[in-house]
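*Asks:* coords please:
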Amino acid sequence: MLKLLKYALYDIIQSRFAILYTLFMLLVAIAVYQVSEDMSKVSLSLLNIMLMIVPLISAIFATTHFFNNLEFTELMLAQPVKRSHVFLSQIIAVVVVLSLALILGFGVPMLIWGSDMTVLTLLGIGISLSIVFASMAFLASVSTRDKAKAIGISLSIWIYFSLIYDGLVLYMIYSFADYPLEKVTLALTFLNPVDLGRIIMLMQLDISALMGYTGAFFADFFGNIKGIVISSGILILWMAIPAYFSMRRFAKKDF
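*Replies:* Numbers count the residues shown, from 1 in each chain. From the prediction side, this is the model:
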């Protein structure tokens, strides 16, 4: 499996995607640091950018990588190699490259201009979202033979979690504003990894007072060890479940 992983990483580096993605994140971080010296404002600005860019890039790149390496995958499956090893080498390589690009892109400005715990939390959320959306993209890819269809599914997943879901939640909150919805809103947050990452980060920035009573409720939940453990566990499930089902489908897929 290590040889397969080494080849997959080498193949991604050859495509120059890793370099371009790292440079893009680096330029974004430098631009944000140049605008403000307040670490809270820097973290909030990077969060807003990251929540839109990272899931999109992760979903599209994972899908295109899967189909671009389809011939190699078929060749490996014809050899005495476990299907799980072939699949894991591909998805781990994608996740490693996406994570390193994020770490280096944000890490260099951190070393130059400084950072605090909120920025480190931001990196953790970014890496988690990279894994989540790469796993979902692989699930979409192994579910169809059509590359265009797989990309469409991956884009639809990103649009739903990044744009549509928030609109549906806001509509529900507005429609039932007369009822106590704090626990319901918390539960709905767990059903969206992007919202979950956003809330965790906002609680780290200590701006829950701007969110009213609901913000105070969230701060009370995410501000204690139990809330941190539960939210971290939910994020891990978001990472593990799509990867597990995509590996199962890959194992049964007729190439």
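
*Asks:* what about Pro80, which helix or strand?
*Replies:* Under DSSP states H and E, no helix or strand contains Pro80.

*Asks:* what about it, how many neighbours?
*Replies:* A count of neighbours around Pro80, defined by other CB atoms under 10 Å, yields 4. To be clear about C-beta, it is placed using only N, CA and C from the backbone, and glycine gets the same treatment.

*Asks:* now do the one 5 residues further on
*Replies:* Neighbourhood size, His85 [other CB under 10 Å]: 15.

*Asks:* confidence score at it?
*Replies:* Predicted confidence (pLDDT) for His85: 87.

*Asks:* Pro242 now?
*Replies:* 93.

*Asks:* surely it meets Val142?
*Replies:* No. With contacts counted by CB atoms under 8 Å, Pro242 stays clear of Val142, the gap being 10.7 Å.

*Asks:* need the helices for the stretch 101-250 of the chain, in chain order.
*Replies:* Counting by DSSP state H, counting those that start in this stretch, the stretch 101-250 of the chain has these helices, from start to end: 117-142, 147-159, 165-175, 182-190, 193-204, 212-222, 225-252.

*Asks:* out of those, nearest to Ile30?
*Replies:* With CB to CB as the criterion, Ile30 lies closest to helix 117-142 of the helices of the stretch 101-250 of the chain, at 13.7 Å.

*Asks:* Go through the closest one and flag the buried ones.
*Replies:* Within helix 117-142, the residues scored as buried using 16 or more other CB atoms under 10 Å are 118-119, 121-123, 125-142.

*Asks:* What distance do you get for Ile49 to Val32?
*Replies:* Between Ile49 and Val32 the computed distance is 7 Å (CB to CB, to the nearest Å).
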